[in-house]
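Novice: 3D, please:
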Amino acid sequence: MKPRGTKRLSAEQRRASILQHAVRQVGAWGFKSVSMRDIAREAEINEALIYHYFPSKRTLLEAVVAKIREERPMSPREVPARKEEFFSALRRFEAFFRSANVPDAIPLKVILYAVLEGYPLPDEFNPDQEGTFLHWMRACIERGKTEWGFERDVDPASATAMFMGALIYEGIQSCLLRSGARIPPGACTRMLERALQRRKSGGKEGIE
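Specialist: Next comes the predicted model:
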């Protein structure tokens, strides 16, 4: 029975509440282990009510992934003319990733469960998908090899994967494991910047 004085939720509020509980359950137990019954119990509602808003578990899990990414910064649409703008955008993305995982690392846990359990990641983690941050990032590195003095032998796809891997590692250390080692802001961007610098041979830049 609903406690007296409890405000009745609108349909939109109820859907948002179910989704929020689902995000936390997936972050705690993973996509495969969590059930609709678990989410209903956590939300203190009848399981049948979930199906009124989400016809299937798959539909609910897709909404969980969408919820995780809805607060992310908008992906830039054009490759900038200056490399400073590129690295500035990377620092903003890195700051967002870090802040999104404080204090409970739920977004990071959802990403890790998706990888471990073979659940499709959001589109923005696909560097081949136009309009995503990683696709834009690859295009920037390509431009940098010809216009910004980036190392010619760098593979843009590998450099992009390295950046994301470093972000996730940082998140695991600082947000998930709460390691005592303090990782300074912008560390992943600086690491990538060093990796992209054109190597020199004998005091001169390598052969063009």
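Novice: make it CA atoms for all contacts and neighbour counts henceforth
Specialist: OK.
Novice: how about the strands in the protein?
Specialist: 200-201, 204-205 (DSSP state E).
Novice: mean pLDDT for those strands: which is lowest?
Specialist: Looking over the strands of the chain, mean pLDDT reaches its minimum on strand 204-205, with a mean of 46.
Novice: test my guess that Gly27 contacts Val110.
Specialist: Yes - the pair Gly27 / Val110 is scored as a contact, 5.1 Å apart, by C-alpha atoms under 8 Å.
Novice: those two - which one has more neighbours?
Specialist: Between Gly27 and Val110, counting by other C-alpha atoms under 10 Å, Val110 is the more crowded of the two (25 against 22).
Novice: for the more buried one, give its distance to Tyr53.
Specialist: 21 Å (C-alpha to C-alpha, to the nearest Å).
Novice: can I see the domain layout of the chain?
Specialist: 11-68, 71-200 (automatic domain parsing).
Novice: quick one: mean pLDDT over the first one.
Specialist: Looking at domain 11-68 alone, the average pLDDT works out to 93.
Novice: end-to-end on that domain?
Specialist: Distance between the two ends of domain 11-68: 21 Å, counting by C-alpha to C-alpha.
Novice: again, but for stretch 114-133
Specialist: 19 Å.
Novice: any idea how far Thr59 is from Cys188?
Specialist: 34 Å.
Novice: which one's more surrounded, those two?
Specialist: Using other C-alpha under 10 Å as the criterion, Thr59 and Cys188 rank with Cys188 on top: 22 against 12.
Novice: my guess is that one contacts Ala166, does it?
Specialist: Yes - if you go by C-alpha under 8 Å, Cys188 and Ala166 touch, sitting 6.0 Å apart.
Novice: helices of the chain, residue ranges please.
Specialist: 11-29, 36-43, 47-53, 57-69, 83-100, 106-117, 133-147, 156-171, 187-196 (DSSP state H).
Novice: CSV for those, including distance to Arg178?
Specialist: Output for those, formatted as CSV (distance: least, C-alpha to C-alpha, whole Å):
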stretch, distance to Arg178
helix 11-29, 16
helix 36-43, 26
helix 47-53, 34
helix 57-69, 21
helix 83-100, 13
helix 106-117, 13
helix 133-147, 27
helix 156-171, 9
helix 187-196, 17
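Novice: hey, which of those helices is tucked in deepest?
Specialist: helix 133-147 (a mean of 20; mean count of other C-alpha atoms under 10 Å).
Novice: what's the spacing between that one and its chain's center?
Specialist: Offset of helix 133-147 from its chain centre (C-alpha atoms, centre = their mean, to the nearest Å): 19 Å.
Novice: likewise stretch 40-57?
Specialist: Per C-alpha atoms, centre = their mean, the displacement of stretch 40-57 from the mean C-alpha position of its chain is 26 Å.
Novice: list the contacts of that stretch.
Specialist: 15, 17-18, 21, 35-37, 39, 60 (C-alpha atoms under 8 Å, 6 or more residues apart in numbering).
Novice: again with stretch 152-160
Specialist: With C-alpha under 8 Å, 6+ apart as the criterion, stretch 152-160 contacts 127, 134, 137-139, 141-142, 145-146, 192, 196, 198.
Novice: surely Val110 and Val26 touch.
Specialist: Yes - contact criterion C-alpha under 8 Å: Val110 and Val26 qualify, at 6.5 Å.
Novice: all good on my end, thank you.
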